[in-house]
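*Asks:* how does the following fold in three dimensions:
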Amino acid sequence: MCGEQLGFVLMHATVYSALTTRRPDSPLHGGRPGTEGVFASTESRDRPVPARLPRVLFVYPFPATFIQRDLTVLQTFCEVRPLLFSRRSQYPTLLKSILSADIIYCWFALPFAAVAAIAARLLGKKVIVVAGGWDIARIPELGYGRLLTKRGLAIARLSLGVPDLVLAFSESSKTTIREVAPRSPVRLAYLGVDAELFHPTEKEDLVVTVAQVSRENVRRKGLRTLVDAAKEVPDARFIIVGRHLDDAVDELRTVGPSNVRFIGEVSDTDLREILGRARVYVQASYTEGFGVALAEAMASGCVPVVTRRGAIPEVVGDTGLYVDYGNPHELAHAIREGLHSQLGARARARVLDRFTIARRLDALRKAVLDLADGLKILQEGDRGD
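*Replies:* Numbers count the residues shown, from 1 in each chain. Next up is the predicted model:
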């Protein structure tokens, strides 16, 4: 029996109890839905520190800057072992790694998170799952999201219902998680961006968006809408940053005006430089689970021109200009207004107030220490090894 088969046998054997009961030692036991804290309180910071650092197995499906930030944050107060889970043959490695961990921290409600949650429950370990994007989405009109299939929905329900704690990176995502798994122990924990690295420089009439360029994202990220809007703002330069995944970029170049450049993937340093110079950042998406690049642009002093979809209004608040999805004329008008707006300073202030690395650290510290309270973490010399 392969690792994945073993994992799903365990899941099917315990799925009913996992989704209909909550463990008494859960940090959320007895609380009303929607009343969980977001960031670490003074009480949580003042609680006794465990006798040793909690051992965290950090499981993630692909390298991304926002995932790496969580890894770096956890390493400040935990002993962390990262595991890049990219193929099914890694299930035996995952199950073996769980044995030496106190807490398993999984990015996204994917099959490996479901297997880890079931195995951890049987082994007396704790599990945290971070969710809120494609992993919990179901948008049939775009053919987008794992929940479009019955298997994807079943896995999401396990991944969100079995863990000790689920961290949603927006209120919008938290609502969706509760719709998928009503008894999920979900807590809000916004993602954070480094506002020291992302900061404004001398601004230019430059409009930027960050998105992988693909046929799917032409619609989901509103890339065709942006290209059409650029035709009505000829005096501004437009840059679309992101890897080209298929031939969609050729089509966009064909229909786009000469003031739009598709520069592909860039280094983190180059991205910070571009956002620092840009006066306007556009997020013309159909939906977003959070919008990391949007928050980075706001930290860089860009004026956000955005749709009122998904978590975007949570991130932008009253510091941006809103447009209807799919309307290039309205988008062009808002971009012109944004190029003469002073909202960029307010956008940066909002990030400094709500979406910093320090706040993310507080949220993760609280999450881990809440669970560590229920573990027998002994002095290193008392483990007998």
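
*Asks:* surely Cys78 and Val368 touch.
*Replies:* Yes: judged on Cβ atoms under 8 Å, Cys78 makes contact with Val368 at a distance of 6.3 Å. Glycine gets a C-beta too; all of them are placed from N, C-alpha and C.

*Asks:* what sits in contact with each of these two?
*Replies:* Residues within reach of Cys78 and of Val368 at once, by Cβ atoms under 8 Å, 6 or more residues apart in numbering, are 54, 56, 103.

*Asks:* can you flag which of the residues you listed belong to strands?
*Replies:* Counting by DSSP state E, the part of these found in strands is 56, 103.

*Asks:* point out the least confident one among the shared contacts of Cys78 and Val368.
*Replies:* Ranked by pLDDT, those bottom out at Pro54, which scores 94.

*Asks:* now that one: phi and psi?
*Replies:* Per-residue torsions, Pro54: phi -60, psi 140 (degrees, to the nearest 10).

*Asks:* nearest residue to Asp228 other than its sequence neighbours?
*Replies:* Computed as Cβ to Cβ, 6 or more residues apart in numbering, the closest residue to Asp228 that is not its neighbour in sequence is Pro328, at 3.7 Å.

*Asks:* to clarify, my last question referred to Trp107.
*Replies:* In space, Trp107 is closest to Tyr60, 4.2 Å off (Cβ to Cβ, 6+ apart).

*Asks:* tell me what the one you found is bridged to.
*Replies:* The partner list for Tyr60 in beta bridges (DSSP bridges) reads Leu84.

*Asks:* so who does it touch?
*Replies:* So Tyr60 contacts 67, 71, 82-85, 106-108 (Cβ under 8 Å, 6+ apart).

*Asks:* mark which of those residues are buried, thanks.
*Replies:* 67, 71, 82-83, 85, 106-108 (16 or more other Cβ atoms under 10 Å).

*Asks:* returning to that earlier point: with pLDDT and distance to Leu245 added, can I get the contacts of Tyr60 in a markdown table?
*Replies:* Listed next are the contacts of Tyr60 as a markdown table, based on pLDDT from 0 to 100; distance: Cβ to Cβ, whole Å:
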| residue | pLDDT | distance to Leu245 |
| --- | --- | --- |
| Ile67 | 97 | 19 |
| Leu71 | 98 | 25 |
| Pro82 | 98 | 25 |
| Leu83 | 98 | 26 |
| Leu84 | 98 | 20 |
| Phe85 | 98 | 21 |
| Cys106 | 98 | 25 |
| Trp107 | 98 | 21 |
| Phe108 | 98 | 19 |
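
*Asks:* can you pull out the helices in the stretch 251-385 of the chain?
*Replies:* With DSSP state H, counting those that start in this stretch as the criterion, the stretch 251-385 of the chain has helices at 268-277, 292-299, 312-316, 328-338, 343-354, 357-372.

*Asks:* how many residues are close by Phe77?
*Replies:* 17 (other Cβ atoms under 10 Å).

*Asks:* now it: which helix or strand?
*Replies:* Using DSSP states H and E, Phe77 falls within no helix or strand.

*Asks:* for it, report the pLDDT, please.
*Replies:* We note a pLDDT of 95 for Phe77 in this prediction.

*Asks:* what sits against it?
*Replies:* So Phe77 contacts 53-54, 365, 368 (Cβ under 8 Å, 6+ apart).

*Asks:* now do 6 Å
*Replies:* Listed by Cβ atoms under 6 Å, 6 or more residues apart in numbering, the contact partners of Phe77 are Arg365.

*Asks:* from the buried ones among the contacts of Tyr60, which land in helices?
*Replies:* Judged by DSSP state H, the subset of these located in helices is 67, 71.

*Asks:* distance to Glu179 added to the buried ones among the contacts of Tyr60, as a markdown table?
*Replies:* A markdown table is the format used below for the buried ones among the contacts of Tyr60 (distance: Cβ to Cβ, whole Å):
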| residue | distance to Glu179 |
| --- | --- |
| Ile67 | 25 |
| Leu71 | 29 |
| Pro82 | 31 |
| Leu83 | 29 |
| Phe85 | 26 |
| Cys106 | 20 |
| Trp107 | 21 |
| Phe108 | 17 |
